[in-house]
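S.K.: Output the structure for:
(one chain, ligands or ions: 1)
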Amino acid sequence: MYAIEVQKVQKLYKNGVQALNGLNLNVKTGEIFSLLGQNGAGKSTLISILTTYLKLNSGKITMLGKDIGKDSEEIRSAIACVAQRVSMDTHLSLKENMMFQAGLYKIPKSEARQRMSMLIEEFELNPYLKYPVLSYSGGIKRRLDIALNMMSNPKILFLDEPTVGMDIQSRMTMGKMMRKIRDDFGMTIFFTTHYLEEADNLSDTICIIKDGKEIVQGTPFELRKYIRQDAIKIQFSNNEQAKTALSVLTEHFTPLMCTLHNDSILIDTNSSQRDFIKVNEFLLKSQISFQGIEITEPTLEDVFLRLTEKRED
Ligand SMILES: Nc1ncnc2c1ncn2[C@@H]1O[C@H](COP(=O)(O)OP(=O)(O)OP(=O)(O)O)[C@@H](O)[C@H]1O
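M.R.: Below you'll find the predicted structure:
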(Lines give C-alpha, C1' and ligand atoms only; values in the text may rest on other atoms or scores of the structure.)
Protein backbone atom coordinates (compact mmCIF):
# COMPACT_ATOMS: atom_id res chain seq x y z
CA MET A 1 0.00 0.00 0.00
CA TYR A 2 1.16 3.51 -0.72
CA ALA A 3 1.46 6.21 1.92
CA ILE A 4 1.80 8.88 -0.77
CA GLU A 5 0.73 8.84 -4.42
CA VAL A 6 1.63 11.82 -6.56
CA GLN A 7 0.11 11.90 -10.03
CA LYS A 8 0.85 14.42 -12.77
CA VAL A 9 1.34 17.27 -10.31
CA GLN A 10 1.94 20.75 -11.65
CA LYS A 11 2.94 23.79 -9.63
CA LEU A 12 3.28 27.17 -11.25
CA TYR A 13 4.39 30.03 -9.03
CA LYS A 14 2.93 33.49 -9.54
CA ASN A 15 6.25 34.69 -10.98
CA GLY A 16 5.81 32.22 -13.84
CA VAL A 17 8.27 29.55 -12.55
CA GLN A 18 6.98 26.06 -13.29
CA ALA A 19 8.41 24.35 -10.19
CA LEU A 20 6.64 21.01 -10.71
CA ASN A 21 5.86 19.86 -14.18
CA GLY A 22 3.73 16.71 -14.26
CA LEU A 23 5.50 14.94 -11.39
CA ASN A 24 4.65 11.32 -10.55
CA LEU A 25 5.94 9.30 -7.60
CA ASN A 26 4.80 6.67 -5.10
CA VAL A 27 5.94 6.23 -1.52
CA LYS A 28 5.27 2.86 0.10
CA THR A 29 3.93 2.64 3.64
CA GLY A 30 6.70 2.12 6.18
CA GLU A 31 9.63 2.84 3.91
CA ILE A 32 12.41 5.41 3.90
CA PHE A 33 11.96 7.32 0.67
CA SER A 34 14.48 9.87 -0.50
CA LEU A 35 13.97 12.61 -3.02
CA LEU A 36 17.07 13.76 -4.87
CA GLY A 37 17.55 16.58 -7.32
CA GLN A 38 19.82 19.48 -8.06
CA ASN A 39 19.15 22.93 -6.61
CA GLY A 40 15.91 24.24 -8.01
CA ALA A 41 14.63 20.81 -9.10
CA GLY A 42 11.42 21.27 -7.09
CA LYS A 43 12.07 19.27 -3.90
CA SER A 44 11.07 21.96 -1.39
CA THR A 45 8.04 22.86 -3.47
CA LEU A 46 6.90 19.24 -3.36
CA ILE A 47 7.46 18.98 0.40
CA SER A 48 5.49 22.20 0.91
CA ILE A 49 2.61 20.76 -1.12
CA LEU A 50 2.70 17.36 0.63
CA THR A 51 2.74 19.03 4.04
CA THR A 52 -0.29 21.10 2.92
CA TYR A 53 1.42 24.51 3.06
CA LEU A 54 1.12 25.05 -0.69
CA LYS A 55 -1.60 24.15 -3.15
CA LEU A 56 -0.96 22.35 -6.41
CA ASN A 57 -2.28 23.74 -9.70
CA SER A 58 -3.27 20.43 -11.20
CA GLY A 59 -2.79 16.70 -10.76
CA LYS A 60 -3.73 14.48 -7.84
CA ILE A 61 -2.13 13.62 -4.52
CA THR A 62 -3.40 10.87 -2.25
CA MET A 63 -1.87 10.56 1.20
CA LEU A 64 -2.80 7.84 3.68
CA GLY A 65 -5.71 7.07 1.36
CA LYS A 66 -7.08 10.66 1.47
CA ASP A 67 -7.20 13.29 -1.23
CA ILE A 68 -4.93 16.21 -0.31
CA GLY A 69 -7.30 18.72 -1.89
CA LYS A 70 -10.37 17.54 0.05
CA ASP A 71 -8.96 16.18 3.31
CA SER A 72 -6.00 18.44 4.01
CA GLU A 73 -6.98 18.97 7.69
CA GLU A 74 -7.06 15.26 8.35
CA ILE A 75 -3.79 14.71 6.52
CA ARG A 76 -2.10 17.55 8.42
CA SER A 77 -2.90 15.93 11.76
CA ALA A 78 -1.36 12.64 10.64
CA ILE A 79 1.99 13.96 9.40
CA ALA A 80 4.93 15.90 10.79
CA CYS A 81 7.61 17.90 9.06
CA VAL A 82 11.07 18.73 10.34
CA ALA A 83 12.19 21.62 8.21
CA GLN A 84 15.72 22.96 7.94
CA ARG A 85 15.03 25.63 10.53
CA VAL A 86 14.54 24.17 13.99
CA SER A 87 10.87 24.50 14.94
CA MET A 88 11.35 24.34 18.72
CA ASP A 89 11.43 27.20 21.17
CA THR A 90 15.17 27.11 21.71
CA HIS A 91 14.92 28.92 25.06
CA LEU A 92 12.93 26.03 26.51
CA SER A 93 14.17 22.54 27.37
CA LEU A 94 13.30 19.53 25.24
CA LYS A 95 10.76 18.33 27.81
CA GLU A 96 9.04 21.73 27.92
CA ASN A 97 8.88 21.75 24.14
CA MET A 98 7.47 18.24 24.07
CA MET A 99 4.72 18.98 26.56
CA PHE A 100 3.83 22.15 24.66
CA GLN A 101 3.65 20.16 21.42
CA ALA A 102 1.41 17.59 23.12
CA GLY A 103 -0.88 20.42 24.15
CA LEU A 104 -1.17 21.60 20.54
CA TYR A 105 -2.28 18.10 19.54
CA LYS A 106 -4.61 17.88 22.55
CA ILE A 107 -2.85 14.80 23.90
CA PRO A 108 -3.87 14.18 27.53
CA LYS A 109 -1.08 15.09 29.98
CA SER A 110 -0.47 11.59 31.41
CA GLU A 111 -0.31 10.08 27.92
CA ALA A 112 2.02 12.89 26.79
CA ARG A 113 4.37 12.25 29.74
CA GLN A 114 4.51 8.56 28.90
CA ARG A 115 5.21 9.23 25.26
CA MET A 116 7.85 11.80 26.12
CA SER A 117 9.71 9.37 28.40
CA MET A 118 9.53 6.64 25.78
CA LEU A 119 10.94 8.91 23.03
CA ILE A 120 13.73 10.20 25.28
CA GLU A 121 14.64 6.62 26.17
CA GLU A 122 14.40 5.24 22.62
CA PHE A 123 16.53 7.98 21.10
CA GLU A 124 19.00 8.14 24.01
CA LEU A 125 18.31 11.83 24.65
CA ASN A 126 18.80 11.79 28.42
CA PRO A 127 22.13 13.66 28.24
CA TYR A 128 20.35 16.60 26.58
CA LEU A 129 17.61 17.32 29.08
CA LYS A 130 19.43 19.61 31.46
CA TYR A 131 19.80 22.80 29.46
CA PRO A 132 17.70 24.84 27.00
CA VAL A 133 17.73 23.53 23.42
CA LEU A 134 19.70 26.66 22.45
CA SER A 135 22.80 25.34 24.18
CA TYR A 136 23.23 22.27 21.99
CA SER A 137 25.02 21.85 18.65
CA GLY A 138 23.15 21.92 15.33
CA GLY A 139 23.24 18.13 14.98
CA ILE A 140 21.77 17.52 18.42
CA LYS A 141 19.12 20.23 17.94
CA ARG A 142 18.05 18.40 14.79
CA ARG A 143 17.65 15.11 16.67
CA LEU A 144 15.73 16.82 19.44
CA ASP A 145 13.51 18.45 16.84
CA ILE A 146 12.72 15.06 15.29
CA ALA A 147 11.90 13.56 18.69
CA LEU A 148 9.66 16.56 19.36
CA ASN A 149 7.83 16.03 16.08
CA MET A 150 7.21 12.42 17.01
CA MET A 151 5.14 13.43 20.03
CA SER A 152 2.02 13.54 17.86
CA ASN A 153 2.73 10.00 16.59
CA PRO A 154 2.64 10.94 12.90
CA LYS A 155 2.21 8.30 10.23
CA ILE A 156 4.51 10.12 7.81
CA LEU A 157 7.57 12.09 8.84
CA PHE A 158 9.02 14.61 6.37
CA LEU A 159 12.66 15.53 6.85
CA ASP A 160 14.03 18.31 4.67
CA GLU A 161 17.79 17.78 4.39
CA PRO A 162 18.05 16.37 7.94
CA THR A 163 21.84 16.08 7.90
CA VAL A 164 22.86 19.27 6.12
CA GLY A 165 26.03 20.73 7.61
CA MET A 166 26.54 17.85 10.05
CA ASP A 167 29.82 16.08 10.69
CA ILE A 168 30.12 12.40 9.85
CA GLN A 169 29.47 11.25 13.43
CA SER A 170 26.22 13.22 13.69
CA ARG A 171 25.15 11.97 10.27
CA MET A 172 25.65 8.39 11.37
CA THR A 173 23.63 8.99 14.54
CA MET A 174 20.88 10.58 12.45
CA GLY A 175 20.90 7.58 10.11
CA LYS A 176 20.47 5.27 13.09
CA MET A 177 17.58 7.40 14.33
CA MET A 178 15.87 7.29 10.93
CA ARG A 179 16.16 3.50 10.71
CA LYS A 180 14.73 3.18 14.21
CA ILE A 181 11.78 5.39 13.27
CA ARG A 182 11.05 3.12 10.33
CA ASP A 183 11.73 -0.23 11.99
CA ASP A 184 10.48 0.26 15.55
CA PHE A 185 7.80 2.90 15.04
CA GLY A 186 6.65 1.74 11.61
CA MET A 187 6.55 5.28 10.26
CA THR A 188 7.06 6.30 6.67
CA ILE A 189 9.95 8.72 6.19
CA PHE A 190 10.14 11.08 3.24
CA PHE A 191 13.43 12.94 3.14
CA THR A 192 15.52 15.10 0.88
CA THR A 193 19.28 15.16 0.82
CA HIS A 194 22.19 16.26 -1.30
CA TYR A 195 24.37 13.47 0.10
CA LEU A 196 24.01 10.64 -2.39
CA GLU A 197 25.89 8.14 -0.26
CA GLU A 198 23.43 8.78 2.53
CA ALA A 199 20.46 8.22 0.22
CA ASP A 200 22.13 5.05 -1.00
CA ASN A 201 22.69 3.72 2.54
CA LEU A 202 19.39 4.69 4.09
CA SER A 203 16.68 4.57 1.47
CA ASP A 204 14.36 1.78 0.47
CA THR A 205 13.35 3.86 -2.54
CA ILE A 206 15.00 6.80 -4.26
CA CYS A 207 13.39 9.19 -6.70
CA ILE A 208 15.52 11.60 -8.73
CA ILE A 209 13.72 14.65 -10.05
CA LYS A 210 14.80 17.24 -12.57
CA ASP A 211 12.98 20.39 -13.68
CA GLY A 212 9.94 19.43 -11.65
CA LYS A 213 9.56 15.95 -13.11
CA GLU A 214 10.72 12.52 -12.00
CA ILE A 215 13.43 10.97 -14.10
CA VAL A 216 13.83 7.70 -12.27
CA GLN A 217 12.45 5.93 -9.19
CA GLY A 218 13.61 2.64 -7.70
CA THR A 219 15.66 0.93 -5.03
CA PRO A 220 19.30 2.03 -4.74
CA PHE A 221 20.23 -1.31 -6.33
CA GLU A 222 17.90 -0.75 -9.28
CA LEU A 223 19.20 2.76 -9.79
CA ARG A 224 22.81 1.64 -9.82
CA LYS A 225 21.92 -0.92 -12.45
CA TYR A 226 20.54 1.97 -14.50
CA ILE A 227 24.08 2.35 -15.73
CA ARG A 228 24.83 -1.19 -16.70
CA GLN A 229 28.34 -0.53 -17.84
CA ASP A 230 31.53 -0.29 -15.86
CA ALA A 231 33.62 2.78 -16.41
CA ILE A 232 37.31 3.51 -16.63
CA LYS A 233 38.14 6.41 -14.38
CA ILE A 234 41.21 8.51 -15.08
CA GLN A 235 42.22 10.92 -12.34
CA PHE A 236 44.07 14.14 -13.20
CA SER A 237 45.64 16.69 -10.87
CA ASN A 238 43.26 19.45 -11.95
CA ASN A 239 40.28 20.24 -14.13
CA GLU A 240 42.35 21.94 -16.85
CA GLN A 241 44.47 18.81 -17.39
CA ALA A 242 41.34 16.66 -17.44
CA LYS A 243 39.70 18.95 -20.02
CA THR A 244 42.73 18.86 -22.32
CA ALA A 245 42.92 15.08 -22.09
CA LEU A 246 39.19 14.77 -22.71
CA SER A 247 39.38 16.26 -26.19
CA VAL A 248 42.27 13.95 -27.18
CA LEU A 249 40.58 10.86 -25.73
CA THR A 250 37.19 11.66 -27.24
CA GLU A 251 38.76 12.00 -30.69
CA HIS A 252 40.81 8.81 -30.41
CA PHE A 253 38.26 6.56 -28.75
CA THR A 254 35.02 7.38 -30.55
CA PRO A 255 32.47 5.81 -30.11
CA LEU A 256 33.36 5.21 -26.42
CA MET A 257 31.58 7.76 -24.26
CA CYS A 258 34.00 9.97 -22.33
CA THR A 259 32.66 12.42 -19.75
CA LEU A 260 34.34 14.98 -17.57
CA HIS A 261 33.68 15.02 -13.79
CA ASN A 262 35.73 17.75 -12.08
CA ASP A 263 39.33 16.45 -12.13
CA SER A 264 38.58 13.09 -13.70
CA ILE A 265 37.33 11.51 -16.90
CA LEU A 266 34.93 8.58 -16.99
CA ILE A 267 34.90 6.33 -20.03
CA ASP A 268 31.95 3.96 -20.34
CA THR A 269 32.89 0.49 -21.43
CA ASN A 270 31.29 -2.89 -22.04
CA SER A 271 34.67 -4.53 -22.04
CA SER A 272 36.48 -2.96 -19.14
CA GLN A 273 39.63 -5.13 -19.08
CA ARG A 274 40.34 -4.74 -22.79
CA ASP A 275 39.58 -1.00 -22.89
CA PHE A 276 41.53 -0.42 -19.67
CA ILE A 277 44.70 -1.72 -21.36
CA LYS A 278 43.98 0.25 -24.56
CA VAL A 279 43.37 3.53 -22.73
CA ASN A 280 46.36 3.04 -20.43
CA GLU A 281 48.66 2.37 -23.39
CA PHE A 282 47.30 5.36 -25.28
CA LEU A 283 47.82 7.73 -22.32
CA LEU A 284 51.42 6.59 -21.87
CA LYS A 285 52.17 6.69 -25.59
CA SER A 286 50.67 10.17 -25.94
CA GLN A 287 52.55 11.32 -22.83
CA ILE A 288 49.38 12.59 -21.21
CA SER A 289 50.17 12.93 -17.51
CA PHE A 290 47.56 11.59 -15.12
CA GLN A 291 47.46 10.61 -11.46
CA GLY A 292 45.70 7.27 -11.60
CA ILE A 293 43.50 4.99 -13.66
CA GLU A 294 41.03 2.37 -12.45
CA ILE A 295 37.97 0.38 -13.43
CA THR A 296 34.94 1.52 -11.42
CA GLU A 297 31.47 0.13 -11.00
CA PRO A 298 28.76 2.77 -11.29
CA THR A 299 27.94 4.56 -8.03
CA LEU A 300 24.70 6.32 -7.26
CA GLU A 301 26.58 9.56 -7.83
CA ASP A 302 27.42 8.47 -11.38
CA VAL A 303 23.77 7.69 -12.01
CA PHE A 304 22.72 11.03 -10.57
CA LEU A 305 25.25 12.99 -12.60
CA ARG A 306 24.43 11.11 -15.78
CA LEU A 307 20.71 11.71 -15.36
CA THR A 308 20.76 15.29 -14.12
CA GLU A 309 23.74 17.02 -15.61
CA LYS A 310 24.64 18.12 -19.08
CA ARG A 311 27.76 16.50 -20.44
CA GLU A 312 30.72 18.84 -20.30
CA ASP A 313 32.22 18.13 -23.68
N1 LIG B 1 7.96 31.02 -3.43
C2 LIG B 1 8.44 30.93 -4.66
N3 LIG B 1 8.05 31.80 -5.61
C4 LIG B 1 8.53 31.71 -6.87
N5 LIG B 1 9.40 30.77 -7.31
C6 LIG B 1 9.82 29.87 -6.41
C7 LIG B 1 9.36 29.91 -5.05
N8 LIG B 1 9.95 28.88 -4.38
C9 LIG B 1 10.73 28.24 -5.29
N10 LIG B 1 10.66 28.83 -6.50
C11 LIG B 1 11.33 28.39 -7.74
O12 LIG B 1 10.82 27.09 -8.05
C13 LIG B 1 11.87 26.25 -8.54
C14 LIG B 1 11.96 25.02 -7.64
O15 LIG B 1 12.43 25.45 -6.38
P16 LIG B 1 12.54 24.49 -5.10
O17 LIG B 1 12.94 25.37 -3.95
O18 LIG B 1 11.30 23.69 -4.97
O19 LIG B 1 13.76 23.53 -5.53
P20 LIG B 1 14.67 22.58 -4.63
O21 LIG B 1 14.84 21.32 -5.42
O22 LIG B 1 14.10 22.46 -3.26
O23 LIG B 1 16.05 23.35 -4.57
P24 LIG B 1 17.17 23.38 -3.38
O25 LIG B 1 17.87 22.05 -3.44
O26 LIG B 1 18.04 24.51 -3.79
O27 LIG B 1 16.47 23.62 -2.07
C28 LIG B 1 13.13 27.10 -8.55
O29 LIG B 1 13.28 27.62 -9.85
C30 LIG B 1 12.83 28.21 -7.56
O31 LIG B 1 13.52 29.40 -7.90
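
S.K.: Let me know how buried Leu54 is, in neighbour terms.
M.R.: The criterion is other Cβ atoms under 10 Å. On that basis, Leu54 has 16 neighbouring residues. The C-beta positions use only the backbone N, C-alpha and C, and glycine is treated the same way.

S.K.: For it, grab phi and psi.
M.R.: Phi and psi for Leu54, reported as degrees, to the nearest 10, are phi -120, psi 150.

S.K.: measure it to Gln84 for me?
M.R.: Counting by Cβ to Cβ, to the nearest Å, the gap between Leu54 and Gln84 amounts to 16 Å.

S.K.: How about Ile156?
M.R.: The spacing between Ile156 and Gln84, counted by Cβ to Cβ, is 18 Å.

S.K.: ok, those two, which is more surrounded?
M.R.: Set side by side, Ile156 and Gln84 show more neighbours around Ile156, with 22 against 13, by other Cβ under 10 Å.

S.K.: my guess is that one contacts Lys66, does it?
M.R.: No - shown here, Ile156 and Lys66 do not form a contact pair, counting by Cβ atoms under 8 Å, at 11.6 Å.

S.K.: quick one, strands of the stretch 201-313 of the chain?
M.R.: Counting by DSSP state E, counting those that start in this stretch, one finds strands in the stretch 201-313 of the chain at the ranges 205-210, 213-218, 230-235, 258-261, 264-269, 292-296.

S.K.: among the ones you listed, which is the most enclosed?
M.R.: Mean neighbour counts were compared across the strands of the stretch 201-313 of the chain using mean count of other Cβ atoms under 10 Å; the top stretch is strand 205-210, at a mean of 23.

S.K.: Contact residues of the stretch 1-150 of the chain facing the ligand?
M.R.: If contacts are counted using Cβ under 6 Å from any ligand atom, the residues of the stretch 1-150 of the chain sitting beside the ligand are 13, 15, 17, 19, 37, 39-45.

S.K.: what's the farthest-apart pair in those?
M.R.: Maximum pairwise distance among those (Cβ to Cβ): 19.9 Å, between Asn15 and Gly37.

S.K.: Give me the secondary structure label for Asn116.
M.R.: No, residue 116 isn't Asn; it's Met. Assigned with DSSP: H, G, I helix; E, B strand; the rest coil, Met116 falls in the helix class.

S.K.: where's it relative to Ser87, distance?
M.R.: According to Cβ to Cβ, Met116 stands 17 Å off from Ser87.

S.K.: next one: Phe191
M.R.: From Phe191 over to Ser87 (counting by Cβ to Cβ), the distance is 16 Å.

S.K.: out of Asn15 and Gly37, which sits in the more crowded spot?
M.R.: With other Cβ under 10 Å as the criterion, Asn15 and Gly37 differ in neighbour count, and Gly37 comes out ahead with 24 against 5.

S.K.: In stretch 26-35, which residues are buried?
M.R.: Of the residues in stretch 26-35, those buried by neighbour count under the rule 16 or more other Cβ atoms under 10 Å are 26-27, 30-35.
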